[in-house]
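Visitor: Give me a 3D structure for the following:
(chains A and B)
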Amino acid sequence: MKAKFLILVGAAMMLAGPAFAHHSFAMFDFSKEVTVVGEVKEFLWRNPHMHILMNVSDGKGGIVEYDIEGGTPNNLRRNGWTADTLKPGDKISVVMRPLKNGDKGGNFIRANRGDGTPIGNTGGGRGAN
Amino acid sequence: MIRAITSTLYSIPATCTLVALLVLAGLVPLAYSQQAARPDTGASAAKVPDFSGVWRTVREAAVPVPKGSTLRWVPAPGELPSFKPEYAEKFKTVQQSRERGSEDTEPEARCLPPGMPYHMWAEYGLEIVQGRDKMALFSEWMDAYRRIYMDGRKVPKDWEPSYYGYSTGHWEGDTLVVETVGLREDTVLDRYGSPHSDDMRITERIRLVNPDSLEDKFVVNDSKAFTRPWEYTVTYRRAGAGNDELRENTCTEGWKSEK
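Guide: The predicted structure follows:
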């Protein structure tokens, strides 16, 4: 019974996917910056950190999902962000520090809209005060 | 002219009588006019400084991360405590774990309180509410709260070690001297994940350098982990108008929505 429960929990955690696993900053490679261009699938405005789920072309006709984790809503508000800053379908390019484990995702540094307009202030990551 | 002076002279006793009556009636709180008058706090009946307000940590620019490292921050020379070999080894393990991308050494990544003295780093601002007998220090980062008792009480004998420990303070002139004991061992000292032992005790000397600048000088004693007391100073500037409110930072919110 107990083993069955553990398996179910494990399956649920896998279904939750990479978008829901990150809180630490140790998982990002701070020595690298990568630019990702695509379309917003979902903008998660919540604590402890906001997430931008993005659909990105894999260059072979397919789509891969990126999970880009940014700052905290309390601090992002000070930098011009709100819960409505991004909507599904928005075309954006994001500069991020990639995940060390090679999964599709990273730590948000800055972003532009499709027309080149910067999104929020540059303090989209953690630490602006 | 003479009539005006006479009228003023007559009105003084009347005003005094009114105030006295209000005080007697309890309508004017005595504390209002006798701030920090308790002799056991070490302060004279004279006013003590008021640290109340929202404060922002003044930070040095981070030192460059060495080539080949993936870490977000590395300590500046002399920034860390002088560790005894066992704790230097522990710190090395922390760095290696973080290089690998593990959050095992980051309690705050699991929404646990930063604890002391990390709390006073106050990434998103520190709000101090000062009473006569107690001071509350809220940090927006992790919605965390620490209190300092200033009424002469002592740490309870059955105190169980906690994230913020038990802090008592007394005034020495314009400086609040705070002793903190009873701290948990499983917290980190700083953003680098520096370790400490269950022997850690902290002395802070907090004062206003000027009305808009607050200084907190730390002496962290840990005879098991450090070769000598770890001394450093944190300074804060008063938050500017329009940016002088703390916000919510409810770390566990995301956990709820993950289920």
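
Visitor: Show me what residue 55 is bridged to.
Guide: I went with chain A, as the question did not name one. Beta-bridge partners for residue A:55, by DSSP bridges, are residue A:39, residue A:65.

Visitor: meant chain B actually
Guide: residue B:126, residue B:238.

Visitor: Check whether it really touches residue B:124, as I assumed.
Guide: No. Counting by C-beta atoms under 8 Å, residue B:55 stays clear of residue B:124, with 11.2 Å between them. Using the backbone N, CA and C atoms, a C-beta is placed for each residue, glycine as well.

Visitor: which residues touch the closest residue to residue B:140 other than its chain neighbours?
Guide: Distances taken as C-beta to C-beta, 6 or more residues apart in numbering or on different chains put residue B:124 closest to residue B:140, at 3.6 Å, once the chain neighbours are dropped. Going by C-beta atoms under 8 Å, 6 or more residues apart in numbering or on different chains, residue B:124 touches A:72, A:74, A:75, A:129, B:139, B:140, B:141, B:246, B:247, B:249.

Visitor: State the three-state secondary structure for residue A:96.
Guide: Secondary structure, DSSP: H, G, I helix; E, B strand; the rest coil: residue A:96 is strand.

Visitor: coming back round to it: name the residues contacting each of residue B:55 and residue B:124.
Guide: With contacts taken as C-beta under 8 Å, 6+ apart, residue B:55 and residue B:124 have no neighbour in common.

Visitor: Alongside chain B, which residues does chain A contribute?
Guide: Residues of chain A that fall close to chain B, judged by C-beta under 8 Å from any C-beta of the partner chain: A:16, A:20, A:23-32, A:46-49, A:72, A:74-75, A:77-78, A:99-101, A:126-127, A:129.

Visitor: Flag the shaky bits of chain A, pLDDT-wise.
Guide: A:1-22, A:122-129 (pLDDT under 70).

Visitor: Please confirm that the residue nearest to residue B:140 is located within a strand.
Guide: No. Counting by three-state DSSP, residue B:124 falls outside a strand, being coil.

Visitor: Now do the residue in the stretch 51-200 of chain B positioned nearest to chain A: how many residues are near it, please.
Guide: Using C-beta to the nearest C-beta, residue B:103 is the residue of the stretch 51-200 of chain B that sits closest to chain A, at 3.1 Å. The tally of other residues near residue B:103 (other C-beta atoms under 10 Å in any protein chain shown) stands at 18.

Visitor: so what pLDDT did it get?
Guide: Predicted confidence (pLDDT) for residue B:103: 87.
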